[in-house]
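*Asks:* Quick one, what's the 3D model for this:
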Amino acid sequence: MPESQHIEWKESWREELLKWVCGFANAEGGELHIGRNDRGEIVGLPDAEKLLENLPNQIRDLLGILVPVNLRHEDGKIWLEIVTPAYPSPISYRGRYYQRCGSTNQETQGRDA
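*Replies:* Below is the predicted model:
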């Protein structure tokens with residue numbers, strides 16, 4: 001399963017990835033997999049359990065939405081899956097709006113999301 005309109009892979013977590021969660025919320029929804037490389041191979045996420053506790057609150061506080069954050073085990077490695085549904089009203093990240101377009105994340109103007 002390659003990256004697509006509904007799937008994005010990242011090797012590690014950084015706050016700017018909330019732009020991707022925001023982009024999925026403003027499009028058709030999707031999954032952000034943390035602990036996978038650009039080829040989709042599981043590389044693992046050493047701080048997955050700590051992130052599992054912190055990410056739901058961070059997403060709620062910065063985006064104003066609640067999304068499932070799931071701990072996954074595969075090939076002896078741990079990774080996270082953030083499942084974002086499509087939202088009916090525009091979601092912003094730090095006052096900016098993003099939308100998933102194909103396998104990219106685009107900033108939109110104002111509330112056009």
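
*Asks:* so where's this protein shaky on pLDDT?
*Replies:* 1, 110-113 (pLDDT under 70).

*Asks:* switch the cut-off to 80
*Replies:* Low-confidence segments of the chain (pLDDT under 80): 1-2, 109-113.

*Asks:* Scan it for its longest strand.
*Replies:* strand 77-84 (DSSP state E).

*Asks:* From residue 92, how far out is residue 98?
*Replies:* 8 Å (Cβ to Cβ, to the nearest Å). Bear in mind the C-beta positions are built from the backbone N, C-alpha and C, glycine included.

*Asks:* The two: who's more crowded?
*Replies:* The neighbour comparison of residue 98 against residue 92 (other Cβ atoms under 10 Å) goes to residue 98, with 24 against 18.

*Asks:* what's the closest non-adjacent residue to that one?
*Replies:* Excluding the flanking residues, the one nearest residue 98 by Cβ to Cβ, 6 or more residues apart in numbering is residue 23, at 4.0 Å.

*Asks:* Got phi/psi on the one you found?
*Replies:* Reported as degrees, to the nearest 10, the phi and psi values for residue 23 are phi -60, psi -40.

*Asks:* what's around it, how many residues?
*Replies:* By the criterion of other Cβ under 10 Å, residue 23 has 26 neighbours.

*Asks:* Okay, and residue 73 sits in which element?
*Replies:* According to DSSP states H and E, residue 73 maps onto strand 69-74.

*Asks:* Mind giving me the packing neighbours of that strand?
*Replies:* Under the contact criterion of 3 or more Cβ pairs under 8 Å, 6 or more residues apart in numbering; DSSP states H and E, strand 69-74 touches helix 48-63, strand 77-84.

*Asks:* Single out the most deeply packed of those.
*Replies:* Comparing the helices and strands packed on strand 69-74 by mean neighbour count (mean count of other Cβ atoms under 10 Å), strand 77-84 ranks first with a mean of 20.

*Asks:* Sheet-wise, list the partners of that one with their directions.
*Replies:* strand 30-34 (antiparallel), strand 69-74 (antiparallel) (DSSP bridges).

*Asks:* Just put these in CSV and tack on mean neighbour count.
*Replies:* Below are these laid out as CSV (neighbours: other Cβ atoms under 10 Å):
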stretch, mean neighbour count
strand 30-34, 22
strand 69-74, 14
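
*Asks:* Cool, thanks, signing off.
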